[in-house]
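J.: mind looking at a prediction? Sequence and model below.
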Amino acid sequence: MFNLKSGLIGILWLFTGIVRGNPADSLAHFFGASISGFSGSGLTYRIRIGDNYNIKTAGYFIYSDKDSKVTDDEVTKYSFGLEYQHNFFTKKYILFYSCLGADYVYDSEPKAGYNNIETRTFQTGAGFGIDLNANFNPNYPDIVFFIGIGEKYYSQQKIKWSNKEKVDNRLSRGFDLTGTVGLGVEF
């Protein structure tokens, strides 16, 4: 059975070793927002760690309490993703790459009858993609918009809980067409 904690720790260890093995003078940064089928969505930070390698992290947190007098109406959602990219072909407006990624998503919200449904999803994957970039500011920092499409092989574990009792545990694997879109500044 796929262990969520061990998988995430292994990926973090891999990314840490990659970052420490590259010189600091080859760094370029991107900060903005993105939606990605490879490795999570939300506020995004990407760092170039060599001529052909990037590491990206993305995430979000949403909390809403619809009526503060009712204790069972809180909605909590968050996501955290990591991606390691190897760029095969890079030009100013196009990027072709392969990647390894991981994403953790938590979703908790009340349902009818005051049942609290929690869903935890952990996904890892490997794939390739092609991104088209548009740069809007020729000066420093550069405003970048990108959109891409790709293919990935994934392994996903999805666990559902109802009132702290496990009601579903699914493990799925397969190929999936995916994409990415984002906007931010590169410096």
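T.: On my side now, so go ahead.
J.: can you name every helix or strand that the helix or strand containing residue 153 contacts?
T.: Taking DSSP states H and E as the definition, residue 153 sits inside strand 142-162. Strand 142-162 makes packing contacts with strand 28-36, strand 94-111, strand 115-135, strand 165-186 when contacts are defined by 3 or more C-beta pairs under 8 Å, 6 or more residues apart in numbering; DSSP states H and E. To be clear about C-beta, it is placed using only N, CA and C from the backbone, and glycine gets the same treatment.
J.: so which of these is nearest residue 143?
T.: strand 165-186 (5.8 Å; C-beta to C-beta).
J.: helix/strand/coil for the residue most central in space within the chain?
T.: Nearest to the mean C-alpha position of the chain, counting by C-alpha atoms, centre = their mean, stands residue 40 at 2.0 Å. Per DSSP: H, G, I helix; E, B strand; the rest coil, the local secondary structure of residue 40 is coil.
J.: excluding covalently adjacent residues, which one is nearest to it?
T.: Using C-beta to C-beta, 6 or more residues apart in numbering and skipping the chain neighbours, the partner closest in space to residue 40 is residue 81 (2.0 Å).
J.: how many other residues sit next to residue 120?
T.: Per other C-beta atoms under 10 Å, the neighbour tally for residue 120 reads 16.
J.: now do the contacts for it.
T.: Applying C-beta atoms under 8 Å, 6 or more residues apart in numbering to residue 120 gives the contacts 4, 104-107, 158-159, 161.
J.: pLDDT averaged over stretch 88-105 - what is it?
T.: Stretch 88-105 carries an average pLDDT of 91.
J.: also stretch 29-46?
T.: So the average pLDDT for stretch 29-46 ends up being 92.
J.: what's that stretch in contact with?
T.: Contacts to stretch 29-46, defined as C-beta under 8 Å, 6+ apart, come from residues 47-48, 54-60, 79-83, 99, 101-105, 125, 127, 129, 144, 146, 150, 152, 176, 178-187.
J.: stretch 176-186 too?
T.: By C-beta under 8 Å, 6+ apart, the list of residues contacting stretch 176-186 reads 28-38, 44, 125, 127, 129, 131, 141-154.
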